[in-house]
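Trainee: My questions concern the predicted model and sequence given below.
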Amino acid sequence: MANTYSLTDRVVLKNDPSKVAIPRFGLGVYVTEPGAETQNATKWALEAGYRHIDGAEWYENEADCGKAINAFIKESGVPRSEIWFTTKLMHNQKEPQGVVDAIKVSLEKAGLDYVDLYLIHGPEGGPEVRAASWEGCCMARDLGLVKSIGVSNFGVKHLTDLLAGNPKYIPSINQVDLHPFMTRNELVAYCESKDIVLEAWAPLVRGERFKHPDILRLAEKYKKSPAQILIRYGLDRGFVVIPKSTKKERIEDNANVFDFTLEKEDVDYLTSLDEFLITDWEVTTVP
C-alpha cells in the first residue's frame, strides 16, 4: 500500500554528506508580491503546519519570507531547525566567490543565519559558468552558509556536464516543473539514478488543467479537488511538491492531501497525459 505521508514528512537528501532531510511538502512563493502578500502567505502556511518555504532572490521577497519565519518562531516556539527555507541564485557567476557573496546578501535580507537549501536557479551561461556557480555553492556549504545545495531547471545534459567535472558535491535536488502534463520521464529517470531528489515547482499546472476531464474524473472518484489530485500525483511519484497560493483557505486545502493515495493505475494514467506543457519557464534544453 502506498504511503500517505504526513504534512511534515521528510525526504533524506542522499547526496548531501550530512544526509539532511527536506520536508516533502511546502509553500512556493513565486509571483507572490513582496510585502504583506508574501508575509501573510508564509505566516498562514506555517500556522497550517507547513515547515517548508521555497523562495528565491529572483522573487524579490526573501526579506518577507524571513520576517514571517522569524515572527512565527518567536510566537510559536517552533525551533528554526524545524523550518526549511530554500532560496536561489538569480544570476550564474563566472567566479565562485560571486555565489558566496550572493548568498550572504540573501541571508541578510531574510534575517536568517543559514539557508537550508540553495539552488542554482537555471542553467544559463554554458558549462563553464555552471561549473563555477556550482563550485561557489560547494564553498558556501563548507562555510556553513547553507545546509544543502542543488539546482533548478537543469536538464540531463546540464547535469551530465556538471558531474563530468567531478565536483566536490553532487546536487541534492533538481527543482523543475513536474506534473501530469509535463512528466519529463527521461530527466526523472536520470535524477533517480543519481540519487538527485526531484522537486516539482508547478504541481498545480498553474491552474491550467483544473477542468481537464481526467482530472475532474479523479477528483470525483477520490472526493478531492483538482488541486489536491495534482498535488497527490506529485507525492505519489515521490517528488517534493511546493504548491503556490496566496489565499489562506487554499493554502490550508492544498495541505489536505495526506489522507489518501492515488491507485497505481491512476498515477500511471496521469503520467500518460504528458504533452510537454510549458506553463512558464523552459530552459532545460539551453546549451
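Mentor: Sure, I can see it.
Trainee: any chance you could map the helices in the stretch 151-287 of the chain?
Mentor: Ranges of helices within the stretch 151-287 of the chain are 156-164, 185-193, 213-222, 226-236, 248-254, 264-271, based on DSSP state H, counting those that start in this stretch.
Trainee: Select, out of those helices, the one closest to Glu37.
Mentor: Closest to Glu37 of these, according to C-beta to C-beta: helix 248-254, at 11.6 Å. Bear in mind the C-beta positions are built from the backbone N, C-alpha and C, glycine included.
Trainee: ok so, going back, could you work out which of the helices of the stretch 151-287 of the chain reaches nearest to Ile73?
Mentor: helix 248-254 (18.6 Å).
Trainee: Which residues does that closest one contact?
Mentor: Outside helix 248-254, the residues within contact range by C-beta atoms under 8 Å, 6 or more residues apart in numbering are 27, 40-41, 44-45, 48, 50, 225, 227-228, 231, 243, 245.
Trainee: and which of those residues is nearest to Ser6?
Mentor: Taking C-beta to C-beta as the measure, Ser6 lies nearest Tyr50 of the contacts of helix 248-254, at 11.8 Å.
Trainee: how much space between the closest residue to that closest one other than its chain neighbours and Ile69?
Mentor: With C-beta to C-beta, 6 or more residues apart in numbering as the criterion, Tyr50 has its nearest non-adjacent residue at 5.3 Å, and that residue is Leu27. Using C-beta to C-beta, to the nearest Å, one obtains 11 Å as the distance from Leu27 to Ile69.
Trainee: how close does the residue nearest the centre of the chain get to Glu47?
Mentor: What sits nearest the mean C-alpha location of the chain, by C-alpha atoms, centre = their mean, is Glu199, with 4.6 Å. In this structure, Glu199 lies at 23 Å from Glu47, with C-beta to C-beta as the measure.
Trainee: Same check on Glu95?
Mentor: 41 Å.
Trainee: Correct me if wrong: Phe45 contacts Asp54.
Mentor: For the record, residue 45 is Ala, not Phe. No. Using C-beta atoms under 8 Å as the test, Ala45 is too far from Asp54 to be in contact (10.4 Å).
Trainee: Any chance you could list residues touching both of the two?
Mentor: With the criterion set as C-beta under 8 Å, 6+ apart, the overlap between the contacts of Ala45 and Asp54 is 26-27.
Trainee: What values do phi and psi take at Leu13?
Mentor: phi -90, psi 100 (degrees, to the nearest 10).
Trainee: which residues does it contact?
Mentor: Neighbouring residues of Leu13 by C-beta under 8 Å, 6+ apart: 19-22, 148, 172-173, 197.
Trainee: Need the max-distance pair from the residues you listed.
Mentor: Using C-beta to C-beta, the two most remote members of these are Lys19 and Ile173, lying 13.5 Å apart.
Trainee: These two: which has the busier surroundings?
Mentor: Neighbours per residue, other C-beta atoms under 10 Å: of Lys19 and Ile173, the larger number sits with Ile173, 24 against 11.
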